[in-house]
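Undergrad: give me coordinates for this.
(2 chains)
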Amino acid sequence: MSDAMDLTNNQNAHRIEWRLYREMLTTRVFEEALVRWEHEGKHSAQTFPSKGQEAIAIGVCLALENGDDVLPSFRTRGAMIGMGIGLEEQLREFLHTPSAAGDSRDAPHHASWPERGVMPGSTMIGGHLAMAAGVALANQCDRANNVSVAFFGDGTLGSGDLHETMHIAGAWNLPLILVCENNGWEMATPWPKVRKQRSLIPYATPFGLATRQVDGNDALDVYHAARWARATALTGQPVFLDCLTFRVGLYSSHFGEVRSGIENDLAEAAKRDPIKRLGEWLIDNGLATAAALEQLQRDEEQRVEAAFNFVRGEG
Amino acid sequence: MSTMNYRDAVGNALQDSMREDARLLVIGQNLAAHALKPLADAYGLDRVRDSAISESAMVGMAVGAAMKGMKAVVMIAYADIASVCHMAIVQSAAKLHYLTNGRLRCPIIIRLPIARFRGHGPEGNEVGASWFYNVPDLNIAMPGSASEAYWTFRDALSRPTPTLFFEDRSIHLRSGAVAQTNPGGKAQVTRSGDKLTIIAAGRAAALAEDAADELAAQGQSDAIEVVSLGFIKPLDGDTVLKAASKTGRVLIVQDEPEWAGYAPYVRCLLDRLPAGKLALAPRLLVGADQYLPYWDERPFVPSLESVVAAAKDLLKQ
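TA: As a prediction, the model looks like this:
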């Protein structure tokens, strides 16, 4: 393990900027490995890569407190990482080893660790938002000082459950945070073909939700927005965070959709890559060196491979 | 053992459950000011929740509350509306326990009052239990008496998986003694006889009991054995097979058409009996395979007259 990953030797490791960086990097390296392993025939689960969107899951999860719960979307692997679920634990669900907590019953992108705040988002698109509202309802009844968070893509605007959930959560003042990973694409269909406005805030405001537009490619913006959202939700106003981003990868490792004419978007997304941006921020602020970040990347790649080999040995 | 009507039995089951479990919620419409005012007054608006007309989210929220260890009763205005929240029932509620490898329970009741014979027309007079029959882990209660109404409700909230509670408004005022102990999902032999076994649930079970009484009044006393299923899924096959073996003649009565539901299931179940155990092939008396018109629903579903006629026919053979 390099100094960059050694928390005892890296005096900055506890800083939120460093934690955001590390966990985004873990998410990316892990997802890239998941796709590669699938193509190598080592497992058969599809991955919905969050490449380019990692700041949203990580920024939100690192802003939460003990007892808070998240319901990931199928593209929010980072929420599992951000909530502290180890790579080995996640991989057990892919490989159905004897100690897989969920017995590999659910698809790995819906795997859950309820006692650790990762609830299953297992249902149809939009349905998990109502489930998250139910978690918030329980917290409200129990007078718990906790929030629930649901992640979803902007395509969920088409789901009636989104509107039903916002309607009731607003009326009941539920401590709920809806986090939209607004990447502007519904698989191969760009947003102007299926709705009138890029932002979903105009749809959330009338239901009584507090809203904030967030740069979903800026982990610090996401983190601070989520801290605000948590405080706001606990006052009795549910929150809608509209996190604008761009999905760099495919819709899923099982689909090979073509999005023609996105060359400029990809170039722009590369410039705005959340890991690259935060890495530059760390360097500019004297918290890291380019060499340390490169070493960290190599360490993560090795750690991910080691986790896979370890878990495969268990099965 | 106290006697009460079916509607009060459901109400008492809810009230007793609310009193005993401070983490039980009710979600529905027009509850606090109207349908459940006494409960709202007693237990507060936290636990008696007036919701928007959003049945899908109502069920989804009940599931979410269950994730945190709560229990919930979702009050759907009438059974047809189960089609609105089918996704939440099948995908969110029924699968939770399985998908989490038993780490999460989903002890929720979705109340689905059957509203036929009230002039609601085909959008408001369906049963719909058979729509859900092949969903694993989904309990389906269809009480036919006050005792079953009380105990299937209480039992459902102790189960790790959700329950659809099909209560039939057409028998709301039917009175009966409520058993003192929970039969725990067992079917009940509500009439004892040795010539013909009628197996049914809900309103059809009430019809079967009335038919047994009618035949007794006509001189055929102790002829009809009636099995009231209570839970139609899972159902108590042992009691069914024992009662069928006792008489050797079986009539199965169901309000819904024969394509699905407990009637064809029980018919298949009877094949497990040794050859020769039944004197006659089991007969089904079921609803017609059509919608029930506003102007008169009764010709298309089993009636006291049709159950009596079918029973007499089987007794003759």
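
Undergrad: which bits of chain A sit near chain B?
TA: Contact residues (CB under 8 Å from any CB of the partner chain) of chain A with chain B: A:69, A:101-103, A:105-106, A:110, A:112, A:114-115, A:119-120, A:122-124, A:127-142, A:148, A:160-161, A:164-165, A:167-168, A:171-172. In this view, the C-beta of every residue, glycine as well, is placed from N, C-alpha and C.

Undergrad: what ranges does chain A have for its helices?
TA: A:16-39, A:54-61, A:77-82, A:87-95, A:127-141, A:160-172, A:201-204, A:219-234, A:263-271, A:274-284, A:290-314 (DSSP state H).

Undergrad: tabulate the ones you listed in CSV, adding columns for mean neighbour count and mean pLDDT.
TA: Below are the helices of chain A laid out as CSV (neighbours: other CB atoms under 10 Å in any protein chain shown; pLDDT from 0 to 100):
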stretch, mean neighbour count, mean pLDDT
helix A:16-39, 21, 97
helix A:54-61, 32, 98
helix A:77-82, 27, 98
helix A:87-95, 22, 98
helix A:127-141, 29, 98
helix A:160-172, 24, 98
helix A:201-204, 18, 98
helix A:219-234, 21, 98
helix A:263-271, 12, 96
helix A:274-284, 19, 97
helix A:290-314, 15, 97
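
Undergrad: can you lay out these as TSV showing distance to residue B:179?
TA: Listed next are these as TSV, based on distance: least, CB to CB, whole Å:
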stretch	distance to residue B:179
helix A:16-39	55
helix A:54-61	50
helix A:77-82	48
helix A:87-95	45
helix A:127-141	32
helix A:160-172	38
helix A:201-204	50
helix A:219-234	46
helix A:263-271	66
helix A:274-284	63
helix A:290-314	51
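
Undergrad: residue contacts, the residue nearest the centre of chain A?
TA: Note on chain A: the residue nearest the mean C-alpha position is residue A:57, at 2.6 Å, using CA atoms, centre = their mean. Neighbouring residues of residue A:57 by CB atoms under 8 Å, 6 or more residues apart in numbering or on different chains: A:27, A:50, A:72, A:76, A:77, A:78, A:79, A:81, A:82, A:151, A:181.

Undergrad: which among the residues you listed gets closest to residue B:96?
TA: residue A:72 (15.5 Å; CB to CB).

Undergrad: surely the closest one and residue A:80 touch.
TA: Yes. Residue A:72 lies in contact with residue A:80 (CB atoms under 8 Å); the separation is 6.6 Å.

Undergrad: and for those two, which residues touch both?
TA: Overlap of the contact sets of residue A:72 and residue A:80 (by CB under 8 Å, 6+ apart) consists of residue A:118.

Undergrad: circling back: quick one: residues contacting the closest residue in space to the residue nearest to the centre of chain A that isn't next to it in sequence.
TA: The spatial neighbour of residue A:57 that comes closest, neighbours along the chain excluded (CB to CB, 6 or more residues apart in numbering or on different chains), is residue A:78 at 3.0 Å. Taking CB under 8 Å, 6+ apart, we find residue A:78 in contact with A:23, A:24, A:27, A:50, A:53, A:54, A:56, A:57, A:58, A:61.

Undergrad: nearest to chain A: which residue in the stretch 201-317 of chain B?
TA: Per CB to the nearest CB, residue B:234 is where the stretch 201-317 of chain B lies closest to chain A, at 20.2 Å.
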